[in-house]
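[1] Sequence first, then the predicted structure, then my questions.
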Amino acid sequence: MEIPYTVRPRPDTGLANPKLGIWLFLASEVMLFGGLFAGYIFMRLGAEPWMWPKGWLNVPVGTFNTFVLILSSVTVILAWESLKLRNLRAYKVWLAVTWICGLLFLTIKLSYEWPAKFHHFGAYIQKTAAEKYEPLLGNDKHEGKDGHIGRKGYPRLFIGGHLDLENDKDAMKASSVPFIPEANLNSVLALGKDEKDPAKQAKLFHTRDEMLKQIVVREADIIALKAPDLDPKKKAEILHRMNTISVHKVDAENAKPYDPDNDKAHFVPRDQVLISDLGLKDSPIVHSVKDAKTGKEDQHLIIDKRDLVAGHGPLVPKLNTYLATYFMITGLHGAHVLAGCICFIYFWLPIKGGSKLFYTNPEQLCNRIEVSGLFWHLVDLIWIFVFPIFYLL
Amino acid sequence: MAQDHAHDAHGHHDDHGHDHHELGFWRKWVFSTDHKVIGMQYTVTGLAFLFFGFMLMLLMRWTIAKGGAEPLPTGLGELMFNIFGDDVFTAVMKDGKQVGYTLSSQGYNVFGAMHGTIMVFFGIVPIAMAGFGNFVMPLQIGAIDMAFPRLNMASFWCFFVSCIFMVASFFVPGSAAKSGWTNYPPLAGIADLPGSVDASGDLLGVWTNGGTLWLLGMVFNITGSLLGSINFITTIVQLRAPGMTWGRLPFFCWAQFITAYLLLLAFPPLESAAVMNLFDRVFGSSFFQPTGLVVTQAATAAGIVPHYSGGGSPILWQHLFWFLAHPEVYVLILPGIGMITEIIACNTRKPIWGYKAMVGAVFVLAFLSFIVWAHHMYMTGMGPKVSAFFQTTTIMISVPSVILLTALLLSLWGGSIRFNTPMLFATAFLPMFGIGGLTGIPLAFNAIDLYMHDTYYVIAHFNNVVAPVTIFAIFAGCYHWYPKATGRFMSEFLGKVHFWGSLVFINILFFPMFIQGMGGVHRRWWDGGLTYKGTVENVLHLNSWSSWGAWGLAAFQLVFVFNFFYSIFRGKKVPNDNPWNATTLEWDTPTPPPHGNFTKPITVYRNAYEYSVPGAEKDFTPQSEPPAGTPAAQPAPAH
Amino acid sequence: MSDHSTPAEHKHDAHGHEGHHGSLMSHSKVYLIIGALLFIFTVITVALSYIDFAHIGIFKWAFGLVGLKGDGINIVIGLIVATFKVCLVGAWFMHLKQETMQIWRPLLFTFFFVFALFMLFVLAYLDPIPSSSHWFH
Ligand code: HEM
Ligand SMILES: [Cu+2]
């Protein structure tokens, strides 16, 4: 039993099944990304202007990735054409270039662009506390061209910094946990304490431990907190660690006065400045901290979480809606790139459904490349929109 | 020449038809690529969910009728408590003594949300569209299978995975989703927040909590639907038998074709919304959470409140949701209308009145259904200009609906109607569709909807279009095509009992809701309105009417369940392959149709409904019957 | 294999894809040219994003006529270039130029619906009930 028109077009419609199928699929993909872009529009319209960042992405890298995708779009169509001309060698070369480009694109995303966000930390200071952090916000008397302070009348309230993942695991975690009042910590610690039923108590203790893992920064602190005779001073110290963010480097921009007219930090690799180089020794927001490993004294910026608006922590979707849309759209796009690469590699390998098909049914192989090529072009096409709306505009 | 082509296209069946080897049980019934088996898999899974969803509603009706306080009948309460646990059922105390269990207020939210979700996405669409569409449509167009059989199987298994997610979600800490089938944020983003603690002290996991599982389930469900709709459209465009021109396509296939387009283009935005909502729940973003939201911290001992980055918009979800969900209501109704049309034509023994008008109406309906969605959102503070736009399009969309209804009504005129069970259901469909549809029209007007929105009037409106309309169509379809699928009739007597019982009780169930809604009773009141007794007292007694209607309806569904299984083994055998003397191609196959469907090459020579053609010797002329005397005459080229 | 495309007798066959064969060599040149154009326009997009159109009189005035100001001007210009690039990809790489109505019809509906999605969302956003506080703030 063979389904008709799987390879050859049906005469009256002029189409083979896969061709129609893929176009319908692409139509639904257009609607899918339409929904996502509609989300982008809403998020951007709704965000407070000072929370919609500019220049956070590396434009040269983004541009390079755009070139990579365009190149792969050209090569996939050359691969298809080589098949039409029944030139297997050329087909294999062009297709190889295509999927290598696809993988290159993904590699750049996975090894540089996305992880870079996790190493970075950002915090929005509440307007009421701006005065306290002024040395790092630099809003003082910098009027923009339109005569008001900051972009669209908003002062800079953002402090960014680098998190060295290996050494600053604690800092990273501390920065992403919300402010926890002592009363709340107490209620977690009380879980299961007075429970008589041992089974229930075990369950509640488990819940307690899980919750402590979420909110307490250091493992050692968890053990200390659970000890029956907890020293109030020790507890205060732990609470302080939970409720402050302590970093020793900040973005170079934070060290400069804020110039709203040069807000586009394009091409700026995010240079970092050591807090100790800023000469803020006497400022109440800077503390001297002893490195646990090296024992060296270092200056740290200490940010009280009560001074922050909800958004603080690594540059992950949680921080602001820009990052949320960024990760969602580029993430889904990346998944599409991966799917495309897998198809191409499959059609490229000398297996039955792949390039061996050339000897038995070249027309079918040709269709496969045409269909997956159409998908690939759509992926390219989506990137053509993604690139400017996230990197440039 | 087209004739050559015709034979060419199907000639090889003779060679291939018989040589396919017998497949084992697993390949034949479980991992099958045969459209008929997949259709049956969808139908059976869908029916199971339909009854499950109905059961949830029966328990809710108990709570509503009894004002939330009465324990369930002894035995049932314990059973439910043991199945669903203390997140959903609570002990009822009287004089310090436990007297039984009943649905808790939180449990009511769980059941309400899951009832809607299951009925719409796991019951009706899988049965009416995927089930019947898969089984009947390829047969009706004379195709040997769907265009992409393996993709078809993938759709079903995607759907199946989504079913597992939904069922599993009842058994995680905190139980299943609670924010309604519409899953409105902000509630949908914060109910069962990962990291918080449920009533019994269990910690809710990041992925294992009701809200997140609901979203995961929906993502799979949507993916399955998308793959399915691609398959449906390609099949109808590409695999029509020679001579099966668009003008000769049975109306059921038209309905499936348009439905598939609705799903294809309307579902993806909901998929993206579901992904955004997943981000909100799992990664703590705030697509749908507004700035400055205040949440109580009761359930979260550590005060782990959601972490809002600000600028999100709950309205965005409503837009994306209704962009799907309005077309979705036509996805619910169109396959039903398609089935009813086939059944009416066959049992009135006359062609459908206004076939072309109906096809045109469906097109207009589908097109308009993409630009009416915000009539569900008048209460969001939408301004007068936009709301005027949506009021206009909504009123416009009732025109094609009325055309469909009118054409079907007029089709009855002058027919010598055969009132068998499918036809009884089909006949009842018409006035019920009238009631359900007409009551939608007042809602289309902003001025009225501001009062009616979220009341029982809306509940009554859409339950009237879905239950006694689509579900009746599904029943009609079951009785009508059962002989083709199994080779036996369902019992006519039990069918009639089922029909009359259902018709009476479904109206006792839903009609009072119109009155209650106009009297001010809101949806989602778990105690049936006792809390607001002062304002709605004079319609509260109708609660027990509806509830009795629901229980009566349930009793008669048992008759159907029994009939369905009993007839597989004991039903009356069909006398021939075309027991209803129908014209469409599905009756041209052996019973049940084998893998590959047809045993002879199929060419279509005539329109879909040539019943009682003057001068013909029989009162029906199958589509594949060549014109008298000129067997080799030229069929019109297939367009 | 279902090789039923019986042939040329069918008048519809005109838009079949067999037509490619003859002129294939010249096609690859076209693809390369389109590819090059895409490269060039990528550079242009990047370059344009460094220009602050809101501070250039003529742009400020012209876009002001349709109610756009500030970053909005840059966004619209950037999107116009992107759309142009997308059209290049669609027309040549995806062969939409020579595609039949069979393909175009669903696509046109898709474009219409995406457009409706965007426009009606934005309109609903821009047209709140006066003095209501339903929106973000
Ligand atoms: C004949 C024309 C119809 C019109 C003018 C119409 C109009 C409306 C309107 C304005 C609403 C929103 C009411 C509110 O929430 O305040 C509504 C709700 C609804 N309608 Fe219809 N409708 C029609 C037909 C249908 C059909 C055929 C179906 C389904 C098969 C349907 C299913 C629904 C559903 C499910 C809801 C409520 C969803 C919810 O809020 O949970 N409607 N209808
Ligand atoms: Cu609607």
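    Received it, and whenever you're ready, just let me know what you need. The shown structure was predicted, so the numbers you read here are calculated from the model rather than taken from an experiment. Ligands and ions are numbered 1, 2, ... in the order given.

[2] Contact partners for the residue of the stretch 251-393 of chain A at minimum distance from ligand 1?
    The nearest approach of the stretch 251-393 of chain A to ligand 1 comes at A:Met328, 26.6 Å away (C-beta to the nearest ligand atom). Bear in mind the C-beta positions are built from the backbone N, C-alpha and C, glycine included. If you count contacts by C-beta atoms under 8 Å, 6 or more residues apart in numbering or on different chains, A:Met328 has them with A:Leu36, A:Gly39, A:Pro317, B:Val275, B:Met276, B:Phe279, B:Ser285.

[3] Quick one, which of the residues you listed are buried?
    For these, a burial check counting by 16 or more other C-beta atoms under 10 Å in any protein chain shown picks out A:Leu36, A:Gly39, A:Pro317, B:Val275, B:Met276, B:Phe279, B:Ser285.

[4] any idea which of the residues you listed is the one closest to ligand 1?
    B:Met276 (20.4 Å).

[5] Can you tell me the SS state at the closest one?
    Secondary structure assignment for B:Met276 (DSSP: H, G, I helix; E, B strand; the rest coil): helix.

[6] picking that back up, of the contacts of A:Met328, closest to chain C?
    The nearest member of these to chain C, counting by C-beta to the nearest C-beta, is A:Gly39 at 9.6 Å.

[7] Could I get the phi/psi values of the residue in the stretch 1-150 of chain A that ligand 1 sits nearest to?
    With C-beta to the nearest ligand atom, the shortest gap between the stretch 1-150 of chain A and ligand 1 falls at A:Gly35, namely 19.6 Å. Main-chain torsions, A:Gly35, degrees, to the nearest 10: phi -60, psi -40.

[8] quick one: it from C:Ala116, how far?
    12 Å (C-beta to C-beta, to the nearest Å).

[9] So for those two, which sits in the more crowded spot?
    Counted by other C-beta atoms under 10 Å in any protein chain shown, A:Gly35 and C:Ala116 do not tie: A:Gly35 has more neighbours, with 27 against 15.

[10] pLDDT below threshold where in chain C?
    Low-confidence segments of chain C, defined by pLDDT under 70: C:1-26, C:130-137.

[11] Equivalent analysis for the stretch 151-300 of chain A, please.
    A:151-153, A:164-168, A:260-270, A:292.

[12] Please enumerate the helices of it.
    A:169-176, A:182-189, A:198-215, A:219-226, A:232-243, A:252-255 (DSSP state H, counting those that start in this stretch).

[13] Now do the one residue sitting closest to the centre of chain C against B:Met382, distance only.
    Of all residues in chain C, the one closest to the mean position by C-alpha atoms, centre = their mean is C:Thr83, 3.9 Å from it. Shown here: C:Thr83 relative to B:Met382, a distance of 29 Å by C-beta to C-beta.

[14] just checking, B:Thr486 touches B:Phe569?
    No - checked against C-beta atoms under 8 Å, the pair B:Thr486 and B:Phe569 is beyond contact range at 9.5 Å.

[15] Of these two, which one has the most company?
    In this view B:Thr486 and B:Phe569 are compared by other C-beta under 10 Å, and B:Thr486 has more residues nearby, 19 against 8.

[16] Which residues are in contact with that one?
    B:Thr486 touches B:Ser567, B:Ile568, B:Gly571, B:Pro592, counting by C-beta under 8 Å, 6+ apart.

[17] anything in stretch A:171-190 near chain B?
    Yes - using C-beta under 8 Å from any C-beta of the partner chain, stretch A:171-190 comes into contact with chain B via A:Pro178, A:Ile180, A:Pro181, A:Asn184, A:Leu185, A:Ser187, A:Val188.

[18] And the last one, how far from B:His319?
    Think A:Val188. Computed as C-beta to C-beta, the A:Val188 to B:His319 distance reads 39 Å.

[19] What residues does the stretch 351-500 of chain B have near ligand 1?
    B:375-376, B:394, B:397-398, B:401, B:437, B:440-441, B:443-444, B:449, B:452-453, B:458, B:461-462, B:465-466 (C-beta under 6 Å from any ligand atom).

[20] The same query, at a cut-off of 5 Å, please.
    B:375-376, B:398, B:401, B:437, B:440-441, B:443-444, B:449, B:453, B:458, B:462, B:465 (C-beta under 5 Å from any ligand atom).

[21] And the furthest pair within those residues?
    The largest separation in these, counting by C-beta to C-beta, is between B:Ser401 and B:His453 at 20.7 Å.

[22] Which one's more surrounded, these two?
    Between B:Ser401 and B:His453, counting by other C-beta under 10 Å, B:Ser401 is the more crowded of the two (24 against 18).

[23] which residue packs closest to that one, ignoring adjacent ones?
    Of all residues not flanking B:Ser401 in the chain, B:Gly437 sits nearest, at 5.2 Å (C-beta to C-beta, 6 or more residues apart in numbering or on different chains).

[24] got it, and B:Val92?
    Leaving aside its sequence neighbours, B:Val92 sits nearest to B:Pro71 (C-beta to C-beta, 6+ apart; 4.1 Å).

[25] Count the neighbours of the one you found for me.
    Burial of B:Pro71 is recorded as 21 neighbouring residues (other C-beta under 10 Å).

[26] just the strands in chain C please.
    With DSSP state E, there are no strands along chain C.

[27] that older thread, buried among the residues of stretch A:171-190 next to chain B? Need that as a selection in ChimeraX.
    Typed into ChimeraX, the line below selects the buried ones among these, using 16+ other C-beta under 10 Å:
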select /A:178,180,184,185,187,188
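
[28] could you dump the residues of stretch A:171-190 next to chain B to a markdown table with distance to ligand 1?
    A markdown table is the format used below for those (distance: C-beta to the nearest ligand atom, whole Å):
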| residue | distance to ligand 1 |
| --- | --- |
| A:Pro178 | 34 |
| A:Ile180 | 39 |
| A:Pro181 | 40 |
| A:Asn184 | 37 |
| A:Leu185 | 42 |
| A:Ser187 | 38 |
| A:Val188 | 39 |
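
[29] And the residues of stretch A:171-190 next to chain B, which is closest to chain B?
    Distance to chain B, by C-beta to the nearest C-beta, is smallest for A:Asn184 among these, at 3.9 Å.

[30] Quick one, which of the contacts of B:Thr486 are buried?
    B:Ser567, B:Gly571.

[31] What about the contacts of B:Thr486, which are in helices?
    B:Ser567, B:Ile568 (DSSP state H).

[32] got the domain boundaries for chain C?
    C:8-97, C:99-137 (automatic domain parsing).

[33] Which of the ones you listed sits closest to chain B?
    When these are compared by C-beta to the nearest C-beta, domain C:99-137 sits nearest chain B, at 2.9 Å.

[34] ok, and for that closest one, which residues are buried?
    Those would be C:99, C:102-103, C:106-107, C:109-110, C:113-114, C:117, C:120-121, C:124-125, C:127-128, C:136, for domain C:99-137 by 16+ other C-beta under 10 Å.

[35] gap between that domain and the chain center?
    With C-alpha atoms, centre = their mean, to the nearest Å as the basis, domain C:99-137 stands 16 Å off its chain's centre.

[36] Which residue does chain B have closest to ligand 1?
    Closest point on chain B to ligand 1, by C-beta to the nearest ligand atom, is B:Gly440, at 2.7 Å.
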